[in-house]
Each structure stands twice: as C-alpha cells, then as structure tokens.
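J.: return atomic coordinates for the entry below.
(4 chains)
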Amino acid sequence: MTMTETLTETRTRTLKLVYFAWVRERIGLAEEKVELPAETRTIADLVRWLKTRGEGYEAAFDNEAIVRAAIDHSHVKPDAVIADASEIAFFPPMTGG
Amino acid sequence: MTMTETLTETRTRTLKLVYFAWVRERIGLAEEKVELPAETRTIADLVRWLKTRGEGYEAAFDNEAIVRAAIDHSHVKPDAVIADASEIAFFPPMTGG
Amino acid sequence: MIPVIRIQAEDFDLNAEVAALTGGRADIGAIVTFAGLCRDEGGRLTALELEHYPGMAEAEIGRVAAEAANRWPLSGLVAIHRHGMIKPGEQIVLVVAASAHRRAAFEAAEFMMDYLKTRAPFWKREHLVDGSTGSWVEAKGEDDKAAERWS
Amino acid sequence: MIPVIRIQAEDFDLNAEVAALTGGRADIGAIVTFAGLCRDEGGRLTALELEHYPGMAEAEIGRVAAEAANRWPLSGLVAIHRHGMIKPGEQIVLVVAASAHRRAAFEAAEFMMDYLKTRAPFWKREHLVDGSTGSWVEAKGEDDKAAERWS
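T.: Numbers count the residues shown, from 1 in each chain, chains lettered A, B, ... in the order given. Alright, predicted model coming up:
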C-alpha cells in the first residue's frame, strides 16, 4: 500500500446529502447519510456514483447538466472538490423570487 | 393697410402670464394680464418684449436660455408660436421629484 | 389602466396606495414603489418648500404616465407629488408601478421618476436651520441625462 | 449598513419594513420597494407552493445583499422571502433598498431581484383549481440573462 492510498482511505467518511423539489421526488428522499467511496473527489464523481444506486437516482440525474449542487450552503460547479464538506445538496434550477 | 396687417391687428389680445420660483421673485409678480403687442408672434418675441418692461423682467430673463416656458400647461421651446394661447408661464428648470 | 395622479399638500400612505391598486386582482406579479424623501443635507435644512404650477402639474404628470402606460404593459400606475413645506424624513413623491412581470414594473417606475424630475413643474427651495430661507435648488445635469436614456 | 434578511412562512407588511428602515433618519432620499405577488395565471392556479433550502436560503440571500451593499451606497436593504403555500394575490417576496439618491436605490433593488431569481434556493410548484398538484415551475432563460447584466 502506497502513501497516497493510505491518505485517500483516511479521508473516506460519512456525508449528509439533501435533495430538493423534483430531485427530491425522483430520489424519494429529502436527505440521507452516505459513506463516500474513497475515489469520489468531486461533485461530478459523486453524481456518477449516486446514479449507480438505483432508478430514482438515475431519473434524478438523467440530465446531469441541469441539476445544481451546493456544498455547505454555497453553489458549486460539477468540478468542485468535495474535500471536507459536511452537507451536499442537489436541486433543480431555482425558481424563487 | 394690407390684408396681413389687418389680420395681425385683429389677433392682438389680452394674455395671462404666470411666473414661478425665482422668475416670479425677480419679476415681483405671480401673475399678470398683458396686452400682447401685435408683432409678438413667438415665446422668444414675448421674452424680448417683457425685458423692455423693467429691471425685474430684465433680471428674470438675464439668462434667457435657462428660463423655461409653457403655453396652456404644455412645455414649449422659445420658437413656439403663441397663436391663440390663453395662459403662458415662465419658470426655472424644474426641481421636483 | 387609468393612472392615478394626485398633487397634494398632505402626506400619502404606501400601503394604502398599493392596496388600492392590487385589491381583488390576481394578475399582478410585480409591484415597484419609489418614495422620494426630504433629506436634511447633513443637518443644514429644516425643510424643503415645494412650489408648483397648479393645473400644469397634473397635466404634465398625466402625460408622462400616459407615455409609461404606452411603453409597458402595466396593471396599475400611481404618481403622487406633494407641495408646500416638507420636513427632513418626510415623503415628497410616490410612484407605484404594477405589472405581470418585474422588468416592466421596474422600468416604468424609473421612467416616471426620471421624467417627473425634469418635466413636472415643481421647484424646491431650502429652509435653513438658522431660520433663513435659503436658495432655490438648482436643476442637475445628471437628471437631464437620466431622462434622455428613455428617448 | 446591515441588511435585513428573513425567510418566513408569514406575510410581511410593506409600511412596517420601510418604517423600520427609515425611522428617525434624515439622510435617505430614495426608497425603492419591490413586491413579488402570486398570480393565478388566468384562473388556472389556486396556490403556489414554495419549497426552500433552510440555512442556504438565508446564506445565499445574505451573500447577494452583501454584494449589493458593496456596489451601491445604500442606507438600508431588506430582503424577505416567504415559503409554503401562497394564494393568488398574496405576496411572495419583498426587497427594499434605500439610498441618498434614486439611481442607487433602483439599481440595488433590481439587482437583488435578478439574483434572488437565479441564486436563492427556492422552488415553486403549482396547485391547480381542479385540486391536483401541478408541475414544478421551470426556470426561465430570461432570468439568467437578467442576472448576467450585472456581471
């Protein structure tokens, strides 16, 4: 086992995911705790992994480009690094105001 | 006497003039009725004639370009024809709002 | 849509004007209000005195309102301008513009104010804290420029 | 200037919010308010349901307000956004911007609304007159364009 692999494994941890509007409806959950796989570095990685978890997730992220994400209450792009985030949100484009 | 002169004289008449803000203060009157000389065709003609009527008028129209005029409650330019106006107003640039 | 135009010495109430405009309707999505207040200019003023040209004030604001109604799809439009002595902190002018969508309401309200500033026959005179009557407020070139944006 | 940000289910009162912002001050010359109302879309809707992301809604609107305060010399800024079931004719969102001069107040209010529309985590769902729950309102490309004007 290399040094890098050791570090990666150390960072594997539980993360809170929250979903809103039709993303929430398609997944069928408002929130959940997940064990983040070690190789999941960015939001895009996380979406790829979530889509393997069932039909609801597949439907929610069917059009990946349209789903927005936030890390700890701040908007982020798909290439954003998850790092030590504690809450990640997925939701459709906002329609408030 | 030509036909034209006859028509012009026929149109000579009494006109109500009203003044506002510092135009009013310099002239020393809020309003007055004047007998419009026959040759007074435009607002500019009227201003020229008013300036012969005393120091107050001269002071009010010292900077002619800045004084605004209205014919029967509508803004007009100096070359506007008085025609059958019944009330002409002179005032400084507006500062409402 | 018939614009509400009032020239008055009395103060006005924002909620009442908005309620009069929206009451019982469900097609309005956006209401923009603008209230212009008297400033004390760093403690220099005790009041602004507003002189106006009765008759022309209503007519001119009516023309500006008709132009706004012609340019934007408005559900309602209110313009109220006070005259007389107005103390710092008090309201001078109110514009309310309502529409289905926000852009029209914002633009119409801003248009109304830019034109009121340069076309409505009102003149402000300062009253100073030492009890004297100050000078007439001078028109600002920036107000003319603001109005020109719409032409 | 500390912006007032509130996310609430309850209605709000325009006069009260303006009064809280201006009370006792004599340096404010311009107050612009924007109220967004629920439309019935030609009688099709009985309500709009507004879902939001608690915590992030306050944080994001706070960031937008801080940016507005940074761009314009504001005397006061209020942003209130409701959530839950809102009936046609009722108020959804309020922005109040106060400044010495009108241009800053108008621009700040319009900026706030353009950014609230595209960045505040709220989602609208239609409730229809036949008693059914309609679809989620789709985001409009024109709202993104409106927000881009400021960047």
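J.: measure how buried the residue in chain A positioned nearest to chain B is and give me the count.
T.: Distances between chain A and chain B by Cβ to the nearest Cβ are smallest at A:Gly97, namely 28.5 Å. For every residue, glycine as well, the C-beta is placed using N, CA and C. By other Cβ atoms under 10 Å in any protein chain shown, 23 other residues sit near A:Gly97.
J.: that one and D:Pro121 touch, don't they?
T.: No - applying Cβ atoms under 8 Å as the test, A:Gly97 and D:Pro121 come out as separate, 11.4 Å apart.
J.: for the one residue in chain A that gets nearest to chain C, give me its contacts.
T.: The minimum distance from chain A to chain C, using Cβ to the nearest Cβ, falls at A:Gly97 (8.1 Å). By Cβ atoms under 8 Å, 6 or more residues apart in numbering or on different chains, the contact list for A:Gly97 reads D:36, D:81, D:92-93, D:113, D:116-117, D:120, D:122, D:143.
J.: can I get the buried part of the residues you listed as one PyMOL selection?
T.: Under the burial definition 16 or more other Cβ atoms under 10 Å in any protein chain shown, those of the contacts of A:Gly97 that qualify are selected in PyMOL by:
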select buried, chain D and resi 36+81+92+93+113+116+117+120+122+143
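J.: same for chain B: which of the contacts of A:Gly97 are within range?
T.: Filtering the contacts of A:Gly97 for proximity to chain B (criterion: Cβ under 8 Å from any Cβ of the partner chain) leaves nothing.
J.: mind checking which of the contacts of A:Gly97 are in helices?
T.: Counting by DSSP state H, those place D:113, D:116-117, D:143 in helices.
J.: run a quick neighbour tally on C:Phe135.
T.: No Phe there; residue C:135 is Ser. Neighbours of C:Ser135 (other Cβ under 10 Å): 10.
J.: what secondary structure does it sit in?
T.: Taken by DSSP: H, G, I helix; E, B strand; the rest coil, the conformation at C:Ser135 corresponds to strand.
J.: now it. Nearest residue, chain neighbours left out?
T.: Counting by Cβ to Cβ, 6 or more residues apart in numbering or on different chains, C:Glu126 is the residue found nearest to C:Ser135 once chain neighbours are left out, at 6.3 Å.
J.: still on that earlier bit, what pLDDT is listed against the residue nearest to the residue of chain A closest to chain C when sequence neighbours are not counted?
T.: Excluding its sequence neighbours, the residue lying closest to A:Gly97 (Cβ to Cβ, 6+ apart) is D:Lys117, at 3.8 Å. The model reports D:Lys117 with a pLDDT of 95.
J.: what's the answer for A:Ala38, then?
T.: For A:Ala38, the predicted pLDDT is 87.
J.: and the helix or strand containing C:Phe106, what's buried?
T.: In this structure, C:Phe106 is located in helix C:102-119 according to DSSP states H and E. In terms of neighbour count (16+ other Cβ under 10 Å), helix C:102-119 has its buried residues at C:102, C:104-119.
J.: next one: stretch A:55-74
T.: Along stretch A:55-74, these residues count as buried under the neighbour rule (16+ other Cβ under 10 Å): A:56-57, A:59-61, A:67-73.
J.: now do stretch C:49-58
T.: Burial within stretch C:49-58, assessed by neighbour count using 16+ other Cβ under 10 Å, is assigned to C:49-53, C:56-58.
J.: return the distance of the residue in chain C that chain B sits nearest to relative to A:Leu50.
T.: As assessed by Cβ to the nearest Cβ, chain B sits closest to C:Phe122 within chain C, at 2.6 Å. According to Cβ to Cβ, to the nearest Å, C:Phe122 stands 63 Å off from A:Leu50.
J.: and C:Glu41, by the same measure?
T.: According to Cβ to Cβ, C:Glu41 and A:Leu50 sit 60 Å apart.
J.: find the nearest non-adjacent residue to A:Phe90, please.
T.: Nearest in space to A:Phe90, with sequence neighbours left out and distances taken as Cβ to Cβ, 6+ apart, is A:Val23 at 5.0 Å.
J.: equivalent analysis for C:Val64, please.
T.: C:Val64 sits nearest to C:Tyr115 (Cβ to Cβ, 6+ apart), 4.4 Å away.
J.: how about the contacts made by the one you found?
T.: C:Tyr115 makes contacts with C:64, C:67, C:147, C:150, as judged by Cβ under 8 Å, 6+ apart.
J.: save those residues as CSV, and put in neighbour count and secondary structure too.
T.: Compiled in CSV, those are given as follows (neighbours: other Cβ atoms under 10 Å in any protein chain shown; DSSP: H, G, I helix; E, B strand; the rest coil):
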residue, neighbour count, secondary structure
C:Val64, 24, helix
C:Glu67, 15, helix
C:Ala147, 18, helix
C:Trp150, 13, coil
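J.: what residues does stretch C:58-72 touch?
T.: Stretch C:58-72 has contacts (Cβ under 8 Å, 6+ apart) with B:73-75, C:1, C:3, C:5, C:7, C:74, C:77, C:79, C:81, C:97, C:99, C:104-105, C:107-108, C:111-112, C:115-116, C:119-121.
J.: now do 6 Å
T.: By Cβ atoms under 6 Å, 6 or more residues apart in numbering or on different chains, the surrounding residues in contact with stretch C:58-72 are B:73, C:1, C:3, C:5, C:7, C:77, C:79, C:104, C:108, C:111-112, C:115, C:119-120.
J.: one step back: for the helix holding C:Phe106, output the C-alpha coordinates as PDB.
T.: Extracted as PDB, the C-alpha positions of helix C:102-119 are listed here (Å, rounded to 0.1, in the frame of the first residue of the first chain):
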ATOM      1  CA  ARG C 102     -40.900  42.700 -12.700                       C
ATOM      2  CA  ARG C 103     -39.000  44.200 -15.600                       C
ATOM      3  CA  ALA C 104     -41.900  46.300 -16.800                       C
ATOM      4  CA  ALA C 105     -42.700  47.500 -13.300                       C
ATOM      5  CA  PHE C 106     -39.100  48.500 -12.500                       C
ATOM      6  CA  GLU C 107     -38.600  50.300 -15.900                       C
ATOM      7  CA  ALA C 108     -41.900  52.100 -15.700                       C
ATOM      8  CA  ALA C 109     -41.200  53.400 -12.200                       C
ATOM      9  CA  GLU C 110     -37.700  54.500 -13.100                       C
ATOM     10  CA  PHE C 111     -39.000  56.200 -16.300                       C
ATOM     11  CA  MET C 112     -41.700  58.000 -14.300                       C
ATOM     12  CA  MET C 113     -39.200  59.300 -11.800                       C
ATOM     13  CA  ASP C 114     -36.700  60.400 -14.400                       C
ATOM     14  CA  TYR C 115     -39.400  62.300 -16.200                       C
ATOM     15  CA  LEU C 116     -41.000  63.800 -13.100                       C
ATOM     16  CA  LYS C 117     -37.600  65.200 -12.200                       C
ATOM     17  CA  THR C 118     -37.200  67.000 -15.400                       C
ATOM     18  CA  ARG C 119     -40.700  67.700 -16.700                       C
END
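J.: off-centre distance for that helix?
T.: Mean-position distance between helix C:102-119 and its chain equals 9 Å (Cα atoms, centre = their mean, to the nearest Å).
J.: for stretch C:97-116, same thing?
T.: Centre-to-centre, stretch C:97-116 and its host chain are 12 Å apart (Cα atoms, centre = their mean).
J.: helix or strand with the lowest mean pLDDT in chain C?
T.: Every helix and strand of chain C was ranked by mean pLDDT, DSSP states H and E. The lowest is helix C:141-148, at a mean of 89.
J.: that one vs chain D: in contact?
T.: No - applying Cβ under 6 Å from any Cβ of the partner chain, one finds helix C:141-148 out of contact with chain D, separated by at least 7.2 Å.
J.: what angle sits between that helix and helix D:102-119?
T.: On the basis of axes from the mean of the first three to the mean of the last three Cα atoms, to 10 degrees, helix C:141-148 is oriented at 50 degrees to helix D:102-119.
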